[in-house]
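**Student:** pasting the sequence and the predicted model now:
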Amino acid sequence: MSDNDLDEAENSLQWIIDNPRGGLFTDDDEGLMLAAGLRLGRVVLAKGEAERALIIVNNLDPKAFEAGFAELRGDIYVGMDRFLDARDSYVAAQQAGSNSDSLRMKLDELPDES
């Protein structure tokens, strides 16, 4: 994906979050708003802006999406070389119900820190 595509995706997702009553969602679409926030965090991380991605994710209330948000926090922490925080986040994702192979692989590939 090119930087231009990432910028366009970021702008679109940010618009969705900023305009919840813009005709796309109703009050019952909280899950879609959280999904947009989760995707926005991933786009910002892909742009190499881990600190900003972490701020975005931490400002959302994940509720039913806790496993996805915890895994994304882990990915962000890896991007920041904060491997202990990444491990804690990945374990939280597992405890929230995620047992994906990719999550297990991420945990296995983390460097050991003392």
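**Tutor:** That came through fine.
**Student:** tell me the buried residues in whichever helix or strand Ser102 is part of?
**Tutor:** For Ser102, the enclosing helix or strand under DSSP states H and E is helix 101-109. Residues 103, 106 are the ones in helix 101-109 that count as buried (16 or more other CB atoms under 10 Å). C-beta here means a position set from N, CA and C on the backbone, and glycine is covered the same way.
**Student:** and what of stretch 88-95?
**Tutor:** In terms of neighbour count (16+ other CB under 10 Å), stretch 88-95 has its buried residues at 89-90, 92-94.
**Student:** dump the residues you listed to TSV, plus secondary structure, distance to Lys63 and pLDDT.
**Tutor:** Shown next, in TSV, are the buried residues of stretch 88-95 (DSSP: H, G, I helix; E, B strand; the rest coil; distance: CB to CB, whole Å; pLDDT from 0 to 100):
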residue	secondary structure	distance to Lys63	pLDDT
Ser89	helix	17	97
Tyr90	helix	19	97
Ala92	helix	14	96
Ala93	helix	15	95
Gln94	helix	18	95
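**Student:** reformat those residues as a markdown table; add distance to Leu72.
**Tutor:** Shown next, in a markdown table, are these (distance: CB to CB, whole Å):
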| residue | distance to Leu72 |
| --- | --- |
| Ser89 | 8 |
| Tyr90 | 10 |
| Ala92 | 11 |
| Ala93 | 9 |
| Gln94 | 14 |
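**Student:** tell me which stretches of this protein form helices.
**Tutor:** 3-18, 30-46, 50-58, 66-79, 83-95, 101-109 (DSSP state H).
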